[in-house]
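Asker: Model the structure of this input:
(chains A and B)
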Amino acid sequence: MTRDLELAWLLTRGSDRREWWRVTLTAVGAALATGLGYAAVAVASVDGQVSTPYFHGLLNQPGQRAGVIVALLLLWVPVLGFLGQCARIGAVHRDRRLAGLRLAGATPGQVRRIAALESGLACLLGASVAAVFCALLMLNVLQQGFPPRAWAGFALVTCAVPLLAVLVSVVALRRVVASPLGWVRRVRPGHGRAATLALVVPAVLVGLGALLVVVRGTGPGTTAFPLLVFCAVALTGAGAVAVTGLTARAVGRRLAARTGSPAVLLAAERLRADPWATARTHATVLLVTVVGVGFLGVRQMLLDAVHQPPEGLPYDPEDLAFYTTGIDLVGAAVLVALLISLGGLAAGTAESLATRRRGLAAQAAAGVPRKVLGRALLLETALPLIPAMLLAGAGGTAVHVVHGTFVDPPVFPVLLPLLFPVLAYAACLLAAATSLPLLRRTVRPAELRFT
Amino acid sequence: MSSTSMSSTPMSRTDGAVPILAARGLSKAHGETRALRGASVELYAGEILAVTGASGSGKSTLLHCLAGMVRPDEGSVVYAGQRLDRLPEARLSELRRTEFGVVFQFGQLIPELTALDNTSLPLLLAGASRKAAHEQAGEWLERFGVRGQEGLRPGEMSGGQAQRVALARALVTGPKVVFADEPTGALDSLASEQVMTALAHTARETGTAVLLITHDAQVAAYADREVWLRDGAVSADAVALEATR
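Answerer: Presented below is the predicted three-dimensional model:
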């Protein structure tokens, strides 16, 4: 293991600019995850009912603190999606490097360990920076004393984030065989219906379980509820990958057969050839959109109820601030999640371009105008996202409609929540468009000279 | 030389020597394309064997099968009494690390590592200390005339320098067999001559067997023996070529 670590360090140290981008972005993702973990531990370390000056007393009650902890942990989902995209940066380069190691006599297990340790080192860097920053913040700014178990929790988070990254890498590489002649990915024959069922069925079961918990009146202060919500979101994310992949493949197949536009044809063929690349890139955005649409609907109901209580007198300003602060914080969390997901999408699009640079340069050299290639790039994002966003809109609407049936009288806000998928769609296109300058550089015929 | 008949018997020497590596009846298909059709070849300790043939004749696939990088669909590869085509991946990796050396046309060096670290890599993977590995690697770099370039990464070297570093890496563990697939294919004639002279000289000095894949007659001239591959099988022409050598 020491030798593997030494080799991983040597390879990381000698990385080129693109690899450093991957290391930096992975470290940023790990720092975000560590920061969120620290915040969750800090909130969890508070005992009983307290009086805090933060967020209009939102952290005073144990039940509300549990909700805050769940929200913080849920933010790990887009962060993990972002980390997943970062891991793909320079994938071709990394595959070549690992094949070189195999040629020199490394075993497949050794190569997997070295690749996993490379991710672990980047995450350790991010986690360490976040740990130092958070410690300084806690000691100097908040001047808050924490019990020993909180410090143990902080230490656990600092170690767990790189360890988690290593484990995720090992799992991700378990189906990959590093060959001395290049990197060969095993094609799974049942990647279609069976995989979808394997993801969707547990997700539906967890969803039904969550619904049961809500209907039976188990409050958010219990342990089961936050755990169930966390599992439901994680599994829905996995299901979203399958759904987006299938949608991308279907859209690609249909359009490729019927279109007369070169840009649409290029995009459709790309979707058909590798629908799962699109799925991975868009899954987190789709998940955040479901949450966003659901949240906006519930938010509107809650704000209506707070500003115009159906029974009794209106709330005094202090109580009003307490409720609106809580709602605004969740809104901010959704916005942060969306921004992280868009960052992942931008990174994924840029990586896709870098991987295909020779093919794109060859198309440009053969006379395909850059505008057509640019349009094709945007369409690769735009086309599969239309059905995906419709699906996300419907899913989010279902969430707040179910919530609305418990309100007396039942209310069903529609307009504002459904604006979210439209805005998210536009933001995705903008994120993908950030790669257009890279496309201009990529399609230079000089790229054909390099392997 | 115009014979088109194919032979499934190994192209062997007649002095009764035992081959260090022997392939019999190798067949390998890549999808619909049959790259090898019953090819047989033998390699003896300390000899340089050139495998020549036209593009698409199956030369590289033959080398990949012989080096244990690809498992043949049919046939056997025997190295020092063991069936390579049946060995587990971990054992094949160990062989590549300790008893085989591999040189390709380009791309086998790891871009992130310096010339010294690239050359040290098989030793590091085998568990040697970095200091010891560097010392040994440094000696090999000197032998191939690239001492002083230790700190350079592959992207900073010329093609000839990179190939000599690749040769140093292939030989640093003292392998019994070196597999070289078009080692001078991307080099100009001067660099090509430097690389081949270094390879042939070192192989003879250390008694290492070399399986050399090439389509270049000048490169093949460095070999002790030459076999021809045609349509995935060792051609009978090879016998004639050997006889005339």
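Asker: How far off centre is the lengthiest helix in chain B?
Answerer: With secondary structure taken from DSSP state H, chain B has its longest helix at helix B:189-206. Distance, stretch centre to chain centre, for helix B:189-206: 13 Å (C-alpha atoms, centre = their mean, to the nearest Å).
Asker: do the same with stretch A:244-257
Answerer: 23 Å.
Asker: contact partners of it?
Answerer: Identification of contacts with stretch A:244-257 by C-beta atoms under 8 Å, 6 or more residues apart in numbering or on different chains yields A:192, A:196, A:264-265, A:267-273, A:275-276, A:278-279, A:282-283, A:286, A:383-384, A:387-388, A:391. All C-beta spots, glycine's among them, are computed from the backbone N, C-alpha and C.
Asker: for the longest helix of chain B, packing partners?
Answerer: strand B:48-53, helix B:159-171, strand B:177-181, strand B:209-213, helix B:217-220 (3 or more C-beta pairs under 8 Å, 6 or more residues apart in numbering or on different chains; DSSP states H and E).
Asker: Show me the one of these that comes nearest chain A.
Answerer: helix B:159-171 (6.8 Å; C-beta to the nearest C-beta).
Asker: Go ahead and measure how far the closest one is from the middle of the chain.
Answerer: For helix B:159-171, the distance to the chain centre is 13 Å (C-alpha atoms, centre = their mean).
Asker: tell me which parts of chain B are close to chain A?
Answerer: Within reach of chain A by C-beta under 8 Å from any C-beta of the partner chain, chain B has these residues: B:64, B:69-70, B:89-90, B:93-94, B:96-98, B:102, B:106-114, B:117, B:121-122, B:124-127, B:130, B:153, B:155, B:169, B:173.
Asker: What residues sit buried inside stretch B:212-221?
Answerer: Residues of stretch B:212-221 classed as buried: B:212-214, B:219-220 (neighbour count, 16 or more other C-beta atoms under 10 Å in any protein chain shown).
Asker: Among these, which one lies nearest to residue A:425?
Answerer: residue B:213 (53.6 Å; C-beta to C-beta).
Asker: hang on, isn't that closest one packed against residue B:65?
Answerer: No - counting by C-beta atoms under 8 Å, residue B:213 does not reach residue B:65; the two are 12.0 Å apart.
Asker: tally of neighbours for residue 61?
Answerer: Defaulting to chain A. Applying other C-beta atoms under 10 Å in any protein chain shown, we find 14 residues neighbouring residue A:61.
Asker: not quite, I wanted chain B
Answerer: 24.
Asker: ok, and what's touching the host helix or strand of it?
Answerer: Using DSSP states H and E, residue B:61 maps to helix B:59-66. Outside helix B:59-66, the residues within contact range by C-beta under 8 Å, 6+ apart are A:181, B:21, B:23, B:26, B:28, B:30, B:35-36, B:39, B:41, B:43, B:51-53, B:70-72, B:77, B:84-85, B:179, B:181-182, B:211, B:213, B:215, B:229, B:232.
Asker: Now that we have those, which of them are buried?
Answerer: Judged by 16+ other C-beta under 10 Å, buried ones among those: B:21, B:23, B:26, B:28, B:35-36, B:39, B:41, B:43, B:51-53, B:70, B:72, B:77, B:84-85, B:179, B:181-182, B:211, B:213, B:229, B:232.
Asker: want to try TSV for the helices and strands packed on helix B:189-206, with distance to residue A:425 and mean pLDDT as columns?
Answerer: As requested, the helices and strands packed on helix B:189-206 are exported to TSV (distance: least, C-beta to C-beta, whole Å; pLDDT from 0 to 100):
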stretch	distance to residue A:425	mean pLDDT
strand B:48-53	56	92
helix B:159-171	48	89
strand B:177-181	50	92
strand B:209-213	54	93
helix B:217-220	59	89
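Asker: that older thread, for the longest helix of chain B, list every residue counted as buried.
Answerer: Buried residues in helix B:189-206 (16+ other C-beta under 10 Å): B:191-196, B:198-200, B:202-203.
Asker: what about the strands in chain B?
Answerer: B:21-30, B:33-43, B:48-53, B:74-79, B:82-83, B:100-103, B:177-181, B:209-213, B:225-230, B:233-234 (DSSP state E).
Asker: got those as JSON lines, with distance to residue A:292 columns?
Answerer: What follows is those, written out as JSON lines (distance: least, C-beta to C-beta, whole Å):
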{"stretch": "strand B:21-30", "distance to residue A:292": "48"}
{"stretch": "strand B:33-43", "distance to residue A:292": "51"}
{"stretch": "strand B:48-53", "distance to residue A:292": "62"}
{"stretch": "strand B:74-79", "distance to residue A:292": "58"}
{"stretch": "strand B:82-83", "distance to residue A:292": "60"}
{"stretch": "strand B:100-103", "distance to residue A:292": "53"}
{"stretch": "strand B:177-181", "distance to residue A:292": "54"}
{"stretch": "strand B:209-213", "distance to residue A:292": "58"}
{"stretch": "strand B:225-230", "distance to residue A:292": "62"}
{"stretch": "strand B:233-234", "distance to residue A:292": "64"}
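Asker: Can you tell me which of these has the worst average pLDDT?
Answerer: In terms of mean pLDDT, the lowest-scoring of the strands of chain B is strand B:233-234 (a mean of 84).
Asker: helices and strands around that strand, which ones?
Answerer: Against strand B:233-234 (3+ C-beta pairs under 8 Å, 6+ apart) you get strand B:33-43.
Asker: Leaving out chain neighbours, which residue sits closest to the closest residue to chain A within chain B?
Answerer: Closest contact between chain B and chain A, by C-beta to the nearest C-beta, is at residue B:97 (2.5 Å). Leaving out its chain neighbours, the residue that sits closest to residue B:97 by C-beta to C-beta, 6 or more residues apart in numbering or on different chains is residue A:105, at 2.5 Å.
Asker: before we move on, what SS does that neighbour have?
Answerer: Under DSSP: H, G, I helix; E, B strand; the rest coil, residue A:105 falls in the coil class.
Asker: Is there a neighbour count for it? I'd like the number.
Answerer: Based on other C-beta under 10 Å, the number of other residues close to residue A:105 is 26.
Asker: pLDDT score assigned to it?
Answerer: Confidence score, pLDDT, at residue A:105: 83.
Asker: roughly how far apart are the most centrally placed residue in chain B and residue B:68?
Answerer: Centroid-nearest residue in chain B: residue B:179, 1.1 Å away (criterion: C-alpha atoms, centre = their mean). Distance of residue B:179 to residue B:68, computed by C-beta to C-beta, to the nearest Å: 10 Å.
Asker: Now for those two: what residues contact both?
Answerer: residue B:100.
Asker: do you know how far the residue in chain A that chain B sits nearest to is from residue B:123?
Answerer: Distance from chain B to each residue of chain A (C-beta to the nearest C-beta) is smallest for residue A:105, at 2.5 Å. Going from residue A:105 to residue B:123 by C-beta to C-beta gives 10 Å.
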